Each structure stands twice: as structure tokens, then as C-alpha cells.
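Colleague: Below are the sequence and a predicted model; questions follow.
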Amino acid sequence: MRLKILLVDDHTIVREGLRALLENEPDMEVVAEAGTGRAAIQLAREHHPHVVVMDIAMPDMNGIDATRCIREAMGDVRVLALSVESDRRFVVEVLKAGASGYVLKDSAFAELAAAIRTIAANKPYLGPRITEIIIREYLQRIPSDDTLTCDMLTQREREVLQLIADGRSTKEIAFAFDISIKTVENQRHNIMQKLNLHSIAELTKYAVREGLTSLR
């Protein structure tokens, strides 16, 4: 089965060049071209392509809004953003709108062809530079109050928490660290206060979730 492709770009010469390249691929067929986002929506309804190769900056309706409309109306149609824009705002917004992949226009044609095949198989595709942008975006959005366990507890407290989650008794933990039972009880109390947990069961669940123990 040949992949039906809709090309969307406001530059005719770009569409013509892409059509010539894509139609040399034995498994691809360009079924239509559009120069605006609004025309893209109409042609997507008429031809129901497998993949829409979508520019972002276009007159009448931009590629982000067109992507959103196409994905809402035809959930099985995949959209691949193809743009000169590498600013994270464009990347993030078009992916949020429903695009399955993003390729920069200065990429080699082989990458574009690979991206089309990848998203047609219902898998996401992001080039190396776009992946870097997405990772930076994710890291910037981690809440500042989402403190990691390693920051909340001391090294000894983490070790005690792991042994508690592993089912070791207070006496066993005291013996393991050559400390008194009272010291272990104080450490367990401190751990519970820091984590706002109130039972051994909650401590165990927390330790599993944070990767301190696997309960094997």
C-alpha cells in the first residue's frame, strides 16, 4: 500500500520540489497540495491522506491551527511539521496541537522520508535538534518545589528508608549500621516528617516509587 501524502506549504516551488522527491519513493504518493492551512483542512477531508506534511508559517491559517483542526476531525490522519522554525515555541505548540513529528527544512530528504514512514506507522518522529529542544522544554517545566528524595533526605536517611522498605526490623537496621535502636527510631521519625508520611506501608510505597527498592 502506498502512503497518501498531502503537502502543505505556501511556497509553490517548495511543494513542487517535495512532490518530485516524494513521488520517486515507491511507497509514497502525493494526493494533493495546499498553500494555506484552511485549504489543507478541506483537502484533508476530501483525500483523507495517511500523512500531512505541514508548514507552520502560512497565510490565511497557520500550520499549528490547521494541525489542530485536522487532528480533531480526522484522528487517524498523521501530521508531520516541516518548518524552518527551530524556536521551541513553534515546536511545542505544533506538537501540542497533535503533530506526530517535526522535521527542519534544512534536513536531508532521507530524514523527511524516514519521518513520514515513522509517523505513518503511528510512531513519533523528532530529529536530533528537535529532541534537544523538547528535552530543554521539559527540564524548564519541572516544578521548583518538586524536590527529589536525594535532596530531602541525608545519605543515612536514604539508606535507612531502603532497609525499612526492604522489610528489615528496627533491630536489624541498628545492627547493620552499628547504632542504637533509639537512633534508628529517631531517623525513621525524621524521614516520616520530611516526607509527610505516617506509616511503614507509606514509606515502603514511597521508596518503591522513588526507585530506592524494587521489592523483589
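Modeller: Okay, I see it. Numbering: from 1, shown residues only.

Colleague: quick one: residue 66 from residue 89, how far?
Modeller: 17 Å (CB to CB, to the nearest Å). No exception for glycine: its C-beta is placed from N, CA and C like everyone else's.

Colleague: So if I had to pick from the two, which one is more boxed in?
Modeller: Under the criterion of other CB atoms under 10 Å, the comparison of residue 66 against residue 89 puts residue 66 first, with 28 against 11.

Colleague: Test my guess that that one contacts residue 53.
Modeller: No - judged on CB atoms under 8 Å, residue 66 makes no contact with residue 53 at a distance of 11.9 Å.

Colleague: so what sits against both of those two?
Modeller: residue 8 (CB atoms under 8 Å, 6 or more residues apart in numbering).

Colleague: which parts of stretch 8-28 are buried?
Modeller: 8, 9, 10, 14, 15, 18, 22, 25, 28 (16 or more other CB atoms under 10 Å).

Colleague: Find me the pLDDT at the third one, would you?
Modeller: On pLDDT, residue 10 comes in at 94.

Colleague: So it: helix, strand or coil?
Modeller: coil (DSSP: H, G, I helix; E, B strand; the rest coil).

Colleague: Not including adjacent chain positions, what is the nearest residue to the spatially most central residue of the chain?
Modeller: Per CA atoms, centre = their mean, the C-alpha nearest to the average position across the chain is that of residue 134, at 7.3 Å. Spatial nearest neighbour of residue 134, chain neighbours left out: residue 126 (6.4 Å); criterion: CB to CB, 6 or more residues apart in numbering.

Colleague: Then residue 29?
Modeller: Closest residue to residue 29 apart from its sequence neighbours, by CB to CB, 6+ apart: residue 2 at 4.5 Å.

Colleague: care to break this structure down by domain?
Modeller: Per automatic domain parsing, the structural domains of the chain span 3-140, 149-209.

Colleague: Show residues contacting stretch 23-30.
Modeller: So stretch 23-30 is contacted by 1-7, 18-19, 22, 113, 116-117 (CB under 8 Å, 6+ apart).

Colleague: Tell me where this structure has helices.
Modeller: Assigned by DSSP state H, the chain shows helices spanning 12-22, 37-47, 63-73, 88-96, 109-120, 128-140, 149-152, 155-165, 170-177, 181-195, 200-209.

Colleague: No further questions, thank you.
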